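Visitor: here is my input, please return the structure:
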Amino acid sequence: MDVLRRSIIGTSLAVVAALGLSACGGGDDGGDSNTLRVTLVNHVWTENIKRALPEFEQQTGLKVEVTQLGEDQLSDQYNVKLNAGSSDIDVMMYRPLQEGKLFAKNGYLADLTEKAKGDAQFALDDFQAGPLQATTYEDKVVGIPIITEQEVLYYRKDLLEKAGYSAPPKTLDELKAAAAKIEAENPGIAGFVARTGKAAAVTQFSSFLFSYGGDFVDASGKAVINSEQAKQAYAFYGGLLREHGPENISTDMSWSEAMAIFTQGKAAFYTEANSLYKNATDPAKSKVSDTVGFAPFPAGPAGSKPYNIPSWALAINEASKNQANAWKFIQWAAGKEQALKQQKEGVPGARTSVWENPEGISTYPKDLADAISISTANGVGHDRPLVVKVAEAREIVGQPIVDAITGKDVAASADAANEAFQKLLDDEK
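Guide: Here you go, the predicted structure:
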């Protein structure tokens, strides 16, 4: 089973928290057990939910066992238990775009369509289209998105003002022109920075690809990363970094290296996930915290089409014998009330209502909240190829990014990558 294992920032120590179990022991595989077993990843969302669990337990009379793991351990546990058809996981937190297709194809995720659509109070139509699409497989809702990410433009307000700009760039062409002007007027400062690593850059490059009118596959499922639109997107992204990126640019940068360049004051523009914004606005982490601005992803020939994706979702293990109670947990944890509380704690939600509620955006910088609102309206629900072998696919479609940055023949690279990507798609059929 090919599941990408990414290291988690911070601790990856497995923590098992047995909450409220004084009256009832775990381990009962019988149907409708009063003990609910929930597996979650190390995340701020998880910490917030754990603090609120007594409320859920009091409301329902259920007892919740939380197994909390780092991303690597989570992948290991799912590899072993789901593949074995184990019933000792009821609710599971998973990454829709990383392992969602694999899990759904293998029948690990219960069909939630009837439960979700038949619950007016849960309001499935309140979820943004992009994230919900990513948790749907063959027209069946198999997961409920809980945490979202969108790509936005980070920029230095002071450098733009100095260069005579009254507003951030609204198009990719304007971004390139502004990056060139600011770089020329400020020796030692790059006009633009972004991820450059072959696999790491794919997600952030996707917004450029979509905004040029391209995608990884077409409506029939055929590889199209060598379309004219895709080739133009590769050339633009690579050219922007080659011509206006940091000196002696590395082609192995993930978000942490690119963010460090921006927060050290060494770049004017940076395209990145909004979920990382506090790295730029926290004075303890950023030398430019007072001058950081945020804007919607600039429009390309096809308009502004950033990704709007669910980084994490909740699902019910198909092998669980406690599915009715598992749905009660998801109703509560992904419901409107908890979603708003999470949003106020800085966890970007998948519900439209939390972004329309002034309380929901009160803790975000206003320009970031405005940018996210635009992104959720016109965003695309994936930021990588929707395949089973995601890690392998990212390596393939990311190669033309590296080749574009280093000045190689982009068209030839895209053609070669498309052939390899089509083979991967054919092998998965």
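Visitor: correct me if wrong, but Ile147 is in a strand.
Guide: Yes: if the criterion is DSSP: H, G, I helix; E, B strand; the rest coil, then Ile147 is within a strand.
Visitor: that one and Pro296: what is the separation?
Guide: As judged by C-beta to C-beta, to the nearest Å, Ile147 and Pro296 stand 20 Å apart. All C-beta atoms are positioned from the backbone trio N, CA, C, and that covers glycine.
Visitor: got the domain boundaries for this protein?
Guide: 15-149+309-378, 150-307+386-428 (automatic domain parsing).
Visitor: going by mean pLDDT, which of these comes out lowest?
Guide: Among these, domain 15-149+309-378 carries the lowest mean pLDDT, at a mean of 90.
Visitor: mind jotting down where the strands sit in the protein?
Guide: For the chain, strands defined by DSSP state E occupy the ranges 15-19, 35-41, 63-69, 91-94, 136-137, 140-141, 144-156, 190-193, 267-273, 292-295, 308-316.
Visitor: what residue is smack in the middle of this protein?
Guide: Geometric centre of the chain, nearest residue: Ser311, 3.7 Å, by C-alpha atoms, centre = their mean.
Visitor: next up, the contacts around that residue.
Guide: 95, 97, 147-149, 275 (C-beta atoms under 8 Å, 6 or more residues apart in numbering).
Visitor: one more time with 7 Å
Guide: Applying C-beta atoms under 7 Å, 6 or more residues apart in numbering to Ser311 gives the contacts 95, 147-149.
Visitor: most surrounded residue in those?
Guide: Thr148 (31 neighbours; other C-beta atoms under 10 Å).
Visitor: pretty sure that residue sits against Arg351.
Guide: No: Thr148 lies out of contact with Arg351 (C-beta atoms under 7 Å); the separation is 9.3 Å.
Visitor: contacting residues around Lys336?
Guide: Contacts of Lys336 by C-beta under 7 Å, 6+ apart are 123, 126, 351, 353.
Visitor: and of the residues you listed, the nearest to Ala230?
Guide: Arg351 (32.5 Å; C-beta to C-beta).
Visitor: specify the beta-bridge partners of that closest one.
Guide: Phe127 (DSSP bridges).
Visitor: now it: how far from Gly360?
Guide: Arg351 is 9 Å from Gly360, by C-beta to C-beta.
Visitor: these two: who's more crowded?
Guide: Neighbour totals were compared for Arg351 and Gly360, and Arg351 leads with 25 against 21 (other C-beta under 10 Å).
Visitor: any idea how far that one lies from Glu337?
Guide: 11 Å.
Visitor: residues shared between the contacts of these two?
Guide: Common neighbours of Arg351 and Glu337 (C-beta under 7 Å, 6+ apart) do not exist.
Visitor: Gly379 reaches Glu149, doesn't it?
Guide: No: judged on C-beta under 7 Å, Gly379 makes no contact with Glu149 at a distance of 9.7 Å.
Visitor: so Leu40 touches Val64, yeah?
Guide: No: using C-beta under 7 Å, Leu40 makes no contact with Val64, being 10.5 Å away.
Visitor: hmm, back to that, and the strands of the chain as JSON lines, adding distance to Ile405?
Guide: Supplementary listing: the strands of the chain in JSON lines, determined by distance: least, C-beta to C-beta, whole Å:
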{"stretch": "strand 15-19", "distance to Ile405": "40"}
{"stretch": "strand 35-41", "distance to Ile405": "32"}
{"stretch": "strand 63-69", "distance to Ile405": "35"}
{"stretch": "strand 91-94", "distance to Ile405": "32"}
{"stretch": "strand 136-137", "distance to Ile405": "35"}
{"stretch": "strand 140-141", "distance to Ile405": "39"}
{"stretch": "strand 144-156", "distance to Ile405": "18"}
{"stretch": "strand 190-193", "distance to Ile405": "12"}
{"stretch": "strand 267-273", "distance to Ile405": "14"}
{"stretch": "strand 292-295", "distance to Ile405": "24"}
{"stretch": "strand 308-316", "distance to Ile405": "24"}
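Visitor: closest to Arg51 out of the ones you listed?
Guide: strand 15-19 (10.2 Å).
Visitor: got a list of what Pro168 touches?
Guide: 153, 155, 160, 293, 295.
Visitor: distance of it from Ser375?
Guide: Pro168 is 14 Å from Ser375, by C-beta to C-beta.
Visitor: now swap in Ala273 and tell me
Guide: From Ala273 to Ser375 the distance is 11 Å (C-beta to C-beta).
Visitor: ok, these two, which is more surrounded?
Guide: Per other C-beta under 10 Å, whichever of Ala273 and Ser375 has more neighbours is Ser375, with 27 against 22.
Visitor: the more buried one reaches Lys305, doesn't it?
Guide: No: counting by C-beta under 7 Å, Ser375 does not reach Lys305; the two are 9.3 Å apart.
Visitor: give me the number of residues near the closest residue to Lys176 other than its chain neighbours?
Guide: Leaving out its chain neighbours, the residue that sits closest to Lys176 by C-beta to C-beta, 6 or more residues apart in numbering is Leu240, at 5.9 Å. If you count neighbours by other C-beta under 10 Å, Leu240 ends up with 24.
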